[in-house]
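*Asks:* only geometry, no sequence info:
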């Protein structure tokens, strides 16, 4: 039975979406093509009908997950973004969470083509969080961008550190809580050592 072009495209998208989840859960080296295709509901042999290599799929899957993240945060201000990001829910679901926190360390060891995908994804996330920065002066826009870069680096580091700890360890939660409080205090201009937010 001949497969329509629409079905081919649908199958390809299913593979990409499955890969975007599995790569975030297990890393690029932790998922083989055979396992990935089986998870998507296809045979190993069909992979090369859609992609030239695993590296091609890695780049497309990263672009897919970056786009999903940007869509989720399109109408979220930076403080809400931090609270959602540094939650136990996000920490415990890497396959559904931030591609940067899950895969940046892996991407650093991959070909330039994948690094370019990460570059575009990171820039897009920065732009998504920019909100109405266009109304600011040029200098204020530069300062706001620098602040966003710093915030993203801090929250990513917190998630990576927390995930490196055993799931039931007190430190895993403490890292999230301390970093979330400090970053939110910085964003609101509050200087306080008091922990006043709960971890979700």
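*Replies:* Received, thanks. Everything numeric in this text was worked out from a predicted model, so none of it was measured.
*Asks:* residues in contact with residue 163?
*Replies:* 91, 94, 101, 172 (Cβ atoms under 8 Å, 6 or more residues apart in numbering). C-betas here are computed from N, CA, C, even on glycine.
*Asks:* what about the third one, neighbour count?
*Replies:* Yep, that's residue 101 we're talking about. 22 (other Cβ atoms under 10 Å).
*Asks:* how much space separates it from residue 85?
*Replies:* As judged by Cβ to Cβ, to the nearest Å, residue 101 and residue 85 stand 8 Å apart.
*Asks:* can you check the first one too?
*Replies:* When Cβ to Cβ is applied, the distance between residue 91 and residue 85 equals 9 Å.
*Asks:* residues that sit against both of these two, list them.
*Replies:* With Cβ under 8 Å, 6+ apart, residue 91 and residue 85 have common neighbours residue 159.
*Asks:* re the thing from before, name the residues contacting each of residue 101 and residue 85.
*Replies:* Joint contacts of residue 101 and residue 85 (Cβ under 8 Å, 6+ apart) are 155, 159.
*Asks:* got the contact list for the spatially closest residue to residue 60 that is not a sequence neighbour?
*Replies:* Leaving out its chain neighbours, the residue that sits closest to residue 60 by Cβ to Cβ, 6 or more residues apart in numbering is residue 16, at 5.2 Å. Contacts for residue 16 were tallied using Cβ under 8 Å, 6+ apart; they are 57, 60-61, 64.
*Asks:* what does residue 78 give?
*Replies:* So residue 78 contacts 129, 131, 148, 151, 187 (Cβ under 8 Å, 6+ apart).
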